[in-house]
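Trainee: Here's a sequence, model it:
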Amino acid sequence: MTLPIALDAMGGDFAPAEIIAGARRAVDELGLGVTLVGVPELLGDPMGLEVVACSEVIAMDEDPASSVRKKKDSSLVRAAELVRDGRASAMVSAGNTGATMASALLRMGRLPGVVRPCIATPIPNPGRTPTVLVDAGANAECTPEMLVQFAQMASAYVQVHYGVASPKVGLLSIGEESTKGTPLVKDTHKLLASLEGINFFGNVEGRDLIPSPVDVVVTDGFTGNVALKTLEGGLKFIFATVLEVIATNETTKAAGDVLFEYLLPVASSLTPENQGGAMLLGLNGICVISHGSSNATAIMNAIRVGAEMDRVGVVEKLRTTIRPDQKL
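Mentor: Have a look, this model is predicted:
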């Protein structure tokens, strides 16, 4: 019997209404099982879904570490415990990212040999499978050894998630040459270039995120998060500008009527809500982090990713990828 997905119903800018609506769609449209975790008196109509009650909520602006320690009956902590206790196959949240990571890490634990879990975020890559950006914000300060491990975990993730046999791994830098970049980047480049089992492409630049020549882009969490947010802002600006231009006059509106048929599929493929959320790699369990502004569609797709990762056995794949005795 397939276990349900534990969904933090209290997390996100539009919680709980959009979260519950997304869960209902995951059940109706995808045939998946979902258990809501939330404060009953704040949930409203659970739309016929099972509810695991809690009494506390960790707000978006609360300190992750202290809030998880103090609020042991929060929706995030209880969702992580459902996975730990074998009552759910994965947890999904659009709430406080730091608290989501802390809850998952403290309750599920790390896989043997994993130094730090990292966030793997899919970036649309028109015409082919998405490019996975790692780390997208879990670890602001990293060592070369951590970045190498991120590359290993992300490669394994791409293999089981997207079916890419030998994922190309790029290291984010300010130039393609191996001599470019910070000491962290240079040292990481040397390690990746000499590491067996990694299809290392070399350095990639910010302009290589969309479209990308690689399947995995590795960087530290600070740089990765800035790059991701910059990319999101740029795409929003482009979409808004195109719509504004089309609405200029009758001539442009007529042109828009013709172009919309071709533009909408492109826009859909580049919309973050259709990507399904980010995976927290390195845990002894599955945790999917959805954007704070997630709507029902984004939540449905995040639940889908959680179910897919359980089906393909991503945790076991990562367990065999990271060797506790590995020396770099």
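Trainee: give me the low-pLDDT residue ranges for this protein?
Mentor: 1, 272-273, 327-328 (pLDDT under 70).
Trainee: how about the residue sitting nearest the centre point of it, what does it touch?
Mentor: Centroid-nearest residue in the chain: residue 278, 0.6 Å away (criterion: CA atoms, centre = their mean). By CB atoms under 8 Å, 6 or more residues apart in numbering, the residues touching residue 278 are 119, 120, 121, 122, 136, 288, 289, 290. (Each C-beta comes from the backbone N, C-alpha and C, glycine too.)
Trainee: what about the nearest residue in space to it that is not next to it in sequence, which SS state?
Mentor: Leaving out its chain neighbours, the residue that sits closest to residue 278 by CB to CB, 6 or more residues apart in numbering is residue 121, at 4.1 Å. Classification of residue 121 using DSSP: H, G, I helix; E, B strand; the rest coil returns strand.
Trainee: Now that residue 121 has come up, it's in contact with residue 131, right?
Mentor: No - here residue 121 does not reach residue 131: they are 9.4 Å apart, not a contact under CB atoms under 8 Å.
Trainee: Now stretch 284-302: buried residues?
Mentor: Neighbour-count burial for stretch 284-302 flags 284-292, 294-296, 298-302 (criterion: 16 or more other CB atoms under 10 Å).
Trainee: Let me fix that, I meant to ask about stretch 112-131.
Mentor: 114-125, 130-131.
Trainee: Distance to residue 220 for the residues you listed - can I get that in JSON lines?
Mentor: As requested, the buried residues of stretch 112-131 are exported to JSON lines (distance: CB to CB, whole Å):
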{"residue": "114", "distance to residue 220": "16"}
{"residue": "115", "distance to residue 220": "13"}
{"residue": "116", "distance to residue 220": "11"}
{"residue": "117", "distance to residue 220": "14"}
{"residue": "118", "distance to residue 220": "10"}
{"residue": "119", "distance to residue 220": "12"}
{"residue": "120", "distance to residue 220": "14"}
{"residue": "121", "distance to residue 220": "14"}
{"residue": "122", "distance to residue 220": "19"}
{"residue": "123", "distance to residue 220": "17"}
{"residue": "124", "distance to residue 220": "22"}
{"residue": "125", "distance to residue 220": "22"}
{"residue": "130", "distance to residue 220": "21"}
{"residue": "131", "distance to residue 220": "17"}
